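In: Take a look and give me a structure for this.
(chains A and B)
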Amino acid sequence: MKKQAQPNSQKRYELHSSQFINIAFGKYTNRCDMLLQTKNPSLTPEFNDFAKNRMNWGSEHEIDGVSNWLIRCSNGKYPKFTLDDQKDFLLEDFDKNDETTVALSSKPDGLSDDEKTIIEIKCPNEGGKLKDDFDKTRLPQIFVQQLVLKHNGYPIEKTQLCEWTPNVFRVWEIFPDEKFEEHLLNLLKEFSNCLLNGGDIDPKPKRYGGKYETYEKLFEVKIK
Amino acid sequence: MYIYRGEDLPDEDKTVEVNVIDKDLLKLEQAKKKDKKQVFETLFKEDKINEKTSPTQLAKAIRTS
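Out: Take a look at the predicted model:
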């Protein structure tokens, strides 16, 4: 999350999609702490070695996920906004008052050449075993990513979430889910409203009661 | 009691330095950053990049930094 000074001295908060699992659901950091850390980034704890190792592994091997995507999913078309050309997409004025504005931001790992498919690469668990099922904790990031890119004029139809380990490459397709998006946006609005106007926030809202029906496994291959 | 047997770890370390030995991928590796898209798409169209291509070598070839 970044807080940036605006030319007209309006305060600006930027909420990044990778944090939406906490901002909306308080999953790993509760939303009260997320509010405090967004207002005062110096309160954000340093990553521990475990988290740093996982992030470093992910950064180092993102290119392996991209190369597998190129071979198996690209239809021979090189994607946009990938690797060194990644871009931070913004949805400005998601919420605002006279003094402060809140933006949403998202930096996908690529966008297919026809601009219809977001590519998101995950290299989890330092190359260890993948979870058997789809990891639903990724959904807040994915759905807001779709929302932000659509807002930027891209005709997004789905996300291809690619999971890479040295032994396995697996791709999930996630299609928009209006009900879950509405639920998620309500929680984000609640958070941004507290950011703008103060007040209490539920630190960890109840789990989403609806069904998740808009994702499917496209394929899984063993890597030799 | 849970006894850890190392099953969460990768079977082997495949992250060692890889040299691009495929001559077609060498073209891609040697292409300037702005030309990599075109070189990749040409190689794919000519079926010189396909499901038999080593993802590790391709990763090396598309790296720009």
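
In: Could you give the number of residues near the closest residue in space to residue A:213 that isn't next to it in sequence?
Out: Of all residues not flanking residue A:213 in the chain, residue A:177 sits nearest, at 7.4 Å (CB to CB, 6 or more residues apart in numbering or on different chains). All C-beta spots, glycine's among them, are computed from the backbone N, C-alpha and C. Neighbour count for residue A:177, taken as other CB atoms under 10 Å in any protein chain shown: 20.

In: Sketch out the low-pLDDT regions of the chain for me.
Out: Answering for chain A, as no chain was given. Across chain A, the ranges flagged by pLDDT under 70 are A:1-8, A:224.

In: Correction: the question concerned chain B.
Out: Filtered on pLDDT under 70, chain B yields the residue ranges B:1-20.

In: Mind naming the longest helix for it?
Out: Selection of the longest helix in chain B by residue count, based on DSSP state H, yields helix B:36-45.

In: quick one: contacts of that helix?
Out: With CB atoms under 8 Å, 6 or more residues apart in numbering or on different chains as the contact definition, helix B:36-45 has outside contacts at A:70, A:74, A:76-78, B:24-25, B:27-28, B:31, B:49-50, B:62, B:64.

In: which residues in chain A form helices?
Out: Using DSSP H, helices in chain A cover A:20-25, A:31-39, A:49-72, A:139-151, A:178-197.

In: and if you look at chain B?
Out: Using DSSP H, helices in chain B cover B:23-30, B:36-45, B:55-62.

In: buried set for the second one?
Out: If I follow you right, that is helix B:36-45. Within helix B:36-45, the residues that count as buried by 16 or more other CB atoms under 10 Å in any protein chain shown are B:36, B:37, B:39, B:40, B:41, B:43, B:44.

In: Check the gap between the third one and residue A:34 for me.
Out: So that's residue B:39. For residue B:39, the distance to residue A:34 equals 44 Å [CB to CB, to the nearest Å].

In: give me the beta-bridge partners of residue A:171?
Out: In this entry, residue A:171 is beta-bridged to residue A:162, residue A:219, by DSSP bridges.
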